[in-house]
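In: here's my sequence, what's the structure:
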Amino acid sequence: MVLGLIPARFASTRLPGKPLLDLGEQSMIQRVVAQARQANLARVVVATDDDRIMRHVEDFGGEAVLTSPAHPSGTDRVWEAFQQLGSPAEVHCIVNIQGDEPFINPRQINALADLFADPATAPAIATLVKPVLTEEELFSPHLPKVVLNQLGYAMYFSRHPLPYQRNHERAEWLAHHRYLRHLGLYAYQPKVLEQLTQLPVSPLEAAESLEQLRWLEAGFQIRCAETELDAFGIDTPEDVVKARARLER
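Out: All right, here's what the predicted structure looks like:
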């Protein structure tokens with residue numbers, strides 16, 4: 001059984017109440033739930049820290065649990081939600097779906113869930129990557145990049161493009177190397193998720209502000225599935241305008 005959990009907190013520095021934002025007659029969180037329900041998930045549950053979000057999800061027919069507002073990350077919120085659901089033994093994969101990506105494609109969710117179909121080969125953790133297509137993407141610190149080994153596992157994540165190309169000008173980097181960008185969709189074995197929530201902040205995580213580096217430093221392997229489909233998270237008022245324009249096309 002694959003369980004989809006969507007962390008959604010009310011507080012946001014730039015967009016308070018972000019999950020409840022109206023996007024074309026539906027809230028953002030309603031759109032995320034609708035997209036997730038089209039994937040091969042046995043159950044989709046919103047994990048929130050606010051009664052208003054929980055009531056709203058229940059009003060449109062979704063399922064939600066109320067979690068502590070003190071969680072430092074969505075990973076911790078997802079683990080508490082799983083516990084509140086009774087930690088069902090039949091769940092072999094938990095997919096952590098970002099609550100601020102109303103255009104998440106069900107095929108992206110399935111790409112991760114499929115990696116866990118066979119218990120004998122299932123990874124501990126999996127995430128998504130996509131090819132970097134533009135110089136703007138490559139050098140944006142807001143779009144983390146990832147370096148993989150030959151088996152498809154992450155070696156390192158960084159806000160800086162890696163590798164550094166010593167013999168080429170920056171404008172030529174994309175022509176000489178295939179760079180990959182990280183998309184913030186994760187899947188885990190339940191027992192692994194529990195272990196991740198017990199890890200302290202690591203030096204690399206503190207330097208780059210990327211939680212997945214904590215896991216790598218602790219010795220966990222992260223399998224990466226590649227997608228050509230893009231991701232569009234909503235973090236700023238400008239993003240809201242773009243999302244509404246996209247829905248009007």
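In: return the distance of residue 117 relative to residue 127.
Out: 17 Å (CB to CB, to the nearest Å). For the C-beta atoms, the positions are set from N, CA and C on the backbone; glycine is no exception.
In: between those two, which one's more packed in?
Out: Set residue 117 next to residue 127 and count neighbours by other CB atoms under 10 Å: residue 127 wins out with 22 against 12.
In: can I assume the more buried one is in contact with residue 182?
Out: Yes: contact status for residue 127 versus residue 182: in contact at 6.7 Å, counting by CB atoms under 8 Å.
In: quick check: neighbours shared by the two?
Out: residue 212 (CB atoms under 8 Å, 6 or more residues apart in numbering).
In: would you tell me which strand is longest in this protein?
Out: If you go by DSSP state E, the chain has its longest strand at strand 180-188.
In: I'd like the average pLDDT over that one.
Out: Mean pLDDT, strand 180-188: 95.
In: check the offset of that strand from the chain's centre.
Out: Here the centre of strand 180-188 is set off from its chain's centre by 6 Å, with CA atoms, centre = their mean, to the nearest Å.
In: give me the sheet partners of that strand and which way each runs.
Out: Here strand 180-188 is paired, per DSSP bridges, with strand 93-96 (antiparallel), strand 125-131 (antiparallel), strand 145-148 (antiparallel).
In: got phi/psi on residue 110?
Out: phi -60, psi -30 (degrees, to the nearest 10).
In: pull the number of nearby residues for residue 45.
Out: 22.
In: what's whichever strand or helix holds it packed up against?
Out: If you go by DSSP states H and E, residue 45 is part of strand 43-48. Other helices and strands packing on strand 43-48, by 3 or more CB pairs under 8 Å, 6 or more residues apart in numbering; DSSP states H and E, are strand 2-8, helix 28-36, helix 51-59, strand 64-66, helix 74-84.
In: report the distance from the fourth one to the chain centre.
Out: Okay, so that is strand 64-66. Relative to its parent chain, strand 64-66 has a centroid offset of 19 Å by CA atoms, centre = their mean.
In: hang on, the earlier thing: highest mean neighbour count out of the helices and strands packed on strand 43-48?
Out: strand 2-8 (a mean of 25; mean count of other CB atoms under 10 Å).
In: which of the strands paired with strand 180-188 sits most buried?
Out: Ranked by mean neighbour count, the strands paired with strand 180-188 are led by strand 93-96 with a mean of 25 (mean count of other CB under 10 Å).
In: next, the residue in the chain sticking out farthest from the centre: phi, psi?
Out: For the chain, the largest distance from the centre (CA atoms, centre = their mean) belongs to residue 167, which lies 34.2 Å off. Note on residue 167: its backbone torsions stand at phi -100, psi 10 [degrees, to the nearest 10].
In: distance check, it against residue 173.
Out: 11 Å.
In: wait, isn't residue 9 in contact with residue 77?
Out: Yes: with contact defined as CB under 8 Å, residue 9 and residue 77 form a contacting pair (7.3 Å).
In: got any residues that touch both of the two?
Out: Contacts common to residue 9 and residue 77, judged by CB under 8 Å, 6+ apart, are 49, 71.
In: now the helix or strand bottoming out on mean pLDDT in the chain: buried residues?
Out: Among the helical and strand segments of the chain, the one scoring lowest on mean pLDDT, DSSP states H and E is helix 237-248, with a mean of 82. Across helix 237-248, burial judged by 16 or more other CB atoms under 10 Å covers 239, 240, 243.
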